[in-house]
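**Q** predicted model follows, preceded by the sequence.
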Amino acid sequence: MWKNGIRPDNYTLNTLVAVCCRCGDTNAAYDIIARIQAFGVQPDDVTYNILIDATGKRGDLEKAWALFEDMGHRKLEPTKITFNAVASACAKAQDAARAIKLLTTMVERQHDIDPATYWALDEASVGDSEHAIALRSQLKALRTPETPTKVMSAS
């Protein structure tokens, strides 16, 4: 593509990254990102969502969390898809402490907690008895799983 002078865009980038991630080759995804950045195309929130989802499903919460934090450094606003992907990564790792941090971020940014997010965060408490009670108490105080609500800061 680039050898023929065709300039890639974010749609191209995200499509190629998604294909690599679906095949389990995140290294190839990062290589493609680097090559396309040479054309001035920067990863966007969709690119990050794809990478966070792939690394989380692979069980690499540390990498998924680092990508989530990198979004903030790049001034990219996380979306519902981003939060659900990170929540799922917390659930897979059974890391309630990290889920509490995510929930706090969602409350601070006034993001919706939909049923998928709620259940993923709740699942994170399964293997982390030290933080499970705190996480479940915070979730219960915010909403019930049947009714999505806008999370508002307690201030």
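**A** Great, that's in hand. Here the structure is a predicted model, which means the values were calculated and not measured. Residues are numbered from 1 along each chain as shown.
**Q** which residue sits closest to residue 32, ignoring its sequence neighbours?
**A** residue 16 (4.8 Å; CB to CB, 6 or more residues apart in numbering). Where you see a C-beta, it was placed from the backbone N, CA and C, and this is true even at glycine.
**Q** for that neighbour, grab the count of nearby residues.
**A** Using other CB atoms under 10 Å, residue 16 is surrounded by 20 other residues.
**Q** how about residue 125?
**A** For residue 125, the tally of surrounding residues (other CB under 10 Å) stands at 24.
**Q** you'd agree residue 87 is up against residue 115?
**A** No. Contact between residue 87 and residue 115 fails when scored by CB atoms under 8 Å: they sit 11.3 Å apart.
**Q** who has more neighbours, the two?
**A** Neighbour tally, residue 87 and residue 115, criterion other CB under 10 Å: the higher count belongs to residue 87, 26 against 13.
**Q** quick one: contacts of the host helix or strand of the more buried one?
**A** In this structure, residue 87 is located in helix 80-93 according to DSSP states H and E. Outside helix 80-93, the residues that touch it by CB atoms under 8 Å, 6 or more residues apart in numbering are 45, 48-49, 52-53, 55-57, 59-61, 64-65, 68, 71, 78, 96, 98-99, 102, 106, 111-112, 114, 116-117, 120-121, 123-124, 126.
**Q** just the CA trace of it, in PDB.
**A** C-alpha atoms of helix 80-93 as PDB (Å, rounded to 0.1, in the frame of the first residue of the first chain):
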ATOM      1  CA  LYS A  80     -17.700   3.300  27.100                       C
ATOM      2  CA  ILE A  81     -15.900   0.700  24.900                       C
ATOM      3  CA  THR A  82     -12.600   1.600  26.600                       C
ATOM      4  CA  PHE A  83     -14.000   1.300  30.100                       C
ATOM      5  CA  ASN A  84     -15.700  -2.000  29.300                       C
ATOM      6  CA  ALA A  85     -12.400  -3.400  27.800                       C
ATOM      7  CA  VAL A  86     -10.400  -2.400  30.900                       C
ATOM      8  CA  ALA A  87     -13.100  -3.700  33.200                       C
ATOM      9  CA  SER A  88     -13.100  -7.000  31.400                       C
ATOM     10  CA  ALA A  89      -9.300  -7.100  31.800                       C
ATOM     11  CA  CYS A  90      -9.700  -6.500  35.500                       C
ATOM     12  CA  ALA A  91     -12.200  -9.300  35.700                       C
ATOM     13  CA  LYS A  92     -10.000 -11.800  33.800                       C
ATOM     14  CA  ALA A  93      -7.100 -10.900  36.200                       C
END
